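Asker: Next one to model:
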Amino acid sequence: MKKLTVVFGVFLFGILLFSNALDFMPKEYDVVMYIPDISKLYDVVKQTNAGDILANQIGLEQMFTGVIEQQLMMQGYTLDDLDIFKELLIVAGKESTLLVLGPSKNTNKIKELFENFSGQSLPEEVKIIDGYFVVGENYGGGTLPEELEDFLNKGYLAVSYINTNEEDFKVKGFGYATLKGNEVEFHQEIVPQDDKTKQLFNDIASKDGIDILKDENIGGDLFGFINRKLPDSFLKSLPVDLPEVLEGFSGTAYICGDISSVLTNALSGMQVSNVPFYGVVYYNNPSWDMIEGEKRFENIGGKKYGIVETDEGTPILYINLSNEKITFYGVSPDEYVAGDKDFIKENYSSDYVVGLFVNLRPMIFNFIGIDSESYFKFYGYFKDGKLIEKAVLK
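Answerer: Presented below is the predicted three-dimensional model:
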């Protein structure tokens, strides 16, 4: 009886010690991303136009669920046994990363599932603690920043935190994800923590980018860009060693493509060998030596292009160098036709330092014939001395 009481006491202590994923927070950390309820976030994503069409109207959720359920049944399991996707915590420090997923009532079954399907034992790095699967050595003893606690009390779907304390770069930032109408939005504000970083932010914010949209080759349903010259002091302060090739980068680069046309051609039975994308990297005096891979050269439209090919000899990249930029195409430049530019023009702003826009509307229409406004947008800009980052899924 005494031994049973001791065992029960140890079990109860473990439950109280790690009652949710946040109790695994380490004492020191630089980055945090926490989703308190993965299934709730997924249900909210399905309320967006894109999520509803993909999951419900196209039936991808039912299709994937059916496939997974069939595979589980073959091994003697059910979907109820796969109950691990509840909380997700990711914490990163200067020298360590922690990932926590769970809790599961069936940790042994989850372990069995992994080993049966992979044919391997659960890695030693993965610990099972009170229903949670924990990857990382540094956990416990810390708390969540107070601001994130406030965000969670407001019912946000996910929260984020960043705290960089390098010698020449000190910032702190907080973010959250929420549902607004039929859009899932992510908002994060990064604030400088010393005078040197404040000046750095002001230097970047005061610079003007290139007028990207004057390029007539821009168009399509995918557009990504960066459009500010970052100071050398900032690049040198980053905790990673940047390739020397970036020293000539002038601060502006962009790429666009017409994804929906590729999907349309594939659905019509046409063989798709090239993706019609176009991009530019502004660079001081580029040379062919910095372009990796085997190339053959060809004159197209009076310009010299280096052509990168697959092992079978299919061209996949056409590159042209000038004194100030590198231009590249996914198809032959004389065959490239820019896609519609309206979506890009409606969403781009010269205030944005970086961005990624994906128009899902034409892709969905070409796939199932439903015309529904749907997109993913991410962009960052400086305002009131802060770096604002936003992402929207509709």
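Asker: So in terms of bridging, what pairs with residue 281?
Answerer: Note on residue 281: beta-bridge partners by DSSP bridges are residue 253, residue 326.
Asker: quick one: contacts for it?
Answerer: Each residue near residue 281 by Cβ atoms under 8 Å, 6 or more residues apart in numbering is listed here: 249, 252, 253, 325, 326, 328. Where C-beta positions appear, they are placed from N, C-alpha and C, glycine not excepted.
Asker: where are the low-confidence patches of the stretch 201-350 of the chain?
Answerer: For the stretch 201-350 of the chain, the stretches with pLDDT under 70 are 232-246, 265-273.
Asker: Tell me if I'm right that residue 212 and residue 223 touch.
Answerer: No - contact criterion Cβ atoms under 8 Å: residue 212 and residue 223 do not qualify, at 9.2 Å.
Asker: Could you tell me which residues touch both of those two?
Answerer: 254, 348.
Asker: Look at these two and report which has more neighbours.
Answerer: Just comparing residue 212 and residue 223: by other Cβ atoms under 10 Å the higher neighbour count belongs to residue 223, 25 against 19.
Asker: show me where the stretch 151-300 of the chain has strands.
Answerer: Shown for the stretch 151-300 of the chain, the strands assigned by DSSP state E, counting those that start in this stretch span residues 158-165, 170-180, 183-192, 222-227, 249-257, 277-283, 296-300.
Asker: now the first one and strand 183-192, what's the angle there?
Answerer: Going back to what we said before, that points to strand 158-165. On the basis of axes from the mean of the first three to the mean of the last three Cα atoms, to 10 degrees, strand 158-165 is oriented at 20 degrees to strand 183-192.
Asker: Okay, now the sheet partners of strand 158-165, with direction.
Answerer: Strand pairing for strand 158-165, using DSSP bridges, gives strand 31-35 (antiparallel), strand 170-180 (antiparallel).
Asker: how about the first one: buried residues?
Answerer: Of all the residues in strand 31-35, those buried under the rule 16 or more other Cβ atoms under 10 Å are 32, 33, 34, 35.
Asker: What is the nearest of the residues you listed to residue 163?
Answerer: Within the buried residues of strand 31-35, the smallest distance to residue 163 is 8.7 Å, found for residue 32 (Cβ to Cβ).
Asker: what residues are up against the residue nearest to the closest one when sequence neighbours are not counted?
Answerer: Nearest residue to residue 32 in three dimensions, chain neighbours excluded: residue 161, at 4.0 Å (Cβ to Cβ, 6 or more residues apart in numbering). The contact partners of residue 161, by Cβ under 8 Å, 6+ apart, come to 31, 32, 33, 145, 147, 148, 173, 174, 175.
Asker: again, but for residue 349
Answerer: Contacts of residue 349 (Cβ under 8 Å, 6+ apart): 379, 381.
Asker: Check the one 5 residues further on too.
Answerer: If you count contacts by Cβ under 8 Å, 6+ apart, residue 354 has them with 225, 226, 227, 228, 379, 380.
Asker: The closest residue to residue 27 other than its chain neighbours and residue 285, how far apart?
Answerer: Excluding its sequence neighbours, the residue lying closest to residue 27 (Cβ to Cβ, 6+ apart) is residue 142, at 4.3 Å. Per Cβ to Cβ, to the nearest Å, residue 142 is found 49 Å from residue 285.
Asker: between the two, who's got more neighbours?
Answerer: Shown here are residue 142 and residue 285; by other Cβ under 10 Å, residue 142 has more neighbours (17 against 9).
Asker: Would you mind confirming that the residue nearest to residue 27 makes contact with residue 26?
Answerer: Yes - assessed by Cβ under 8 Å, residue 142 is found in contact with residue 26 at 4.8 Å.
Asker: about what we covered before: can you tell which of the strands of the stretch 151-300 of the chain is closest to residue 374?
Answerer: Closest among the strands of the stretch 151-300 of the chain, using Cβ to Cβ: strand 183-192, at 10.1 Å.
Asker: which residues are in contact with that closest one?
Answerer: Contacts for strand 183-192 (Cβ under 8 Å, 6+ apart): 44-45, 48, 157-158, 160, 162, 170-179, 198, 200-201, 385-394.
Asker: Now, of these, which are buried?
Answerer: Buried by 16+ other Cβ under 10 Å: 44-45, 48, 157-158, 160, 162, 170-179, 198, 200-201, 386-394, out of the contacts of strand 183-192.
Asker: mind exporting stretch 208-222 as PDB, just the C-alpha atoms?
Answerer: Taking C-alpha atoms only, stretch 208-222 is exported to PDB below (Å, rounded to 0.1, in the frame of the first residue of the first chain):
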ATOM      1  CA  ASP A 208      13.700  54.300 -51.100                       C
ATOM      2  CA  GLY A 209      13.500  51.000 -53.100                       C
ATOM      3  CA  ILE A 210      13.500  50.700 -56.800                       C
ATOM      4  CA  ASP A 211      10.200  51.200 -58.700                       C
ATOM      5  CA  ILE A 212       9.800  47.500 -59.300                       C
ATOM      6  CA  LEU A 213       6.400  47.600 -61.000                       C
ATOM      7  CA  LYS A 214       7.700  49.600 -64.000                       C
ATOM      8  CA  ASP A 215       9.200  46.300 -65.200                       C
ATOM      9  CA  GLU A 216       6.800  45.200 -67.900                       C
ATOM     10  CA  ASN A 217       7.800  41.500 -67.500                       C
ATOM     11  CA  ILE A 218       6.200  41.400 -64.000                       C
ATOM     12  CA  GLY A 219       2.900  39.500 -63.800                       C
ATOM     13  CA  GLY A 220       1.200  36.300 -62.800                       C
ATOM     14  CA  ASP A 221      -0.300  34.900 -59.600                       C
ATOM     15  CA  LEU A 222       3.000  34.600 -57.700                       C
END
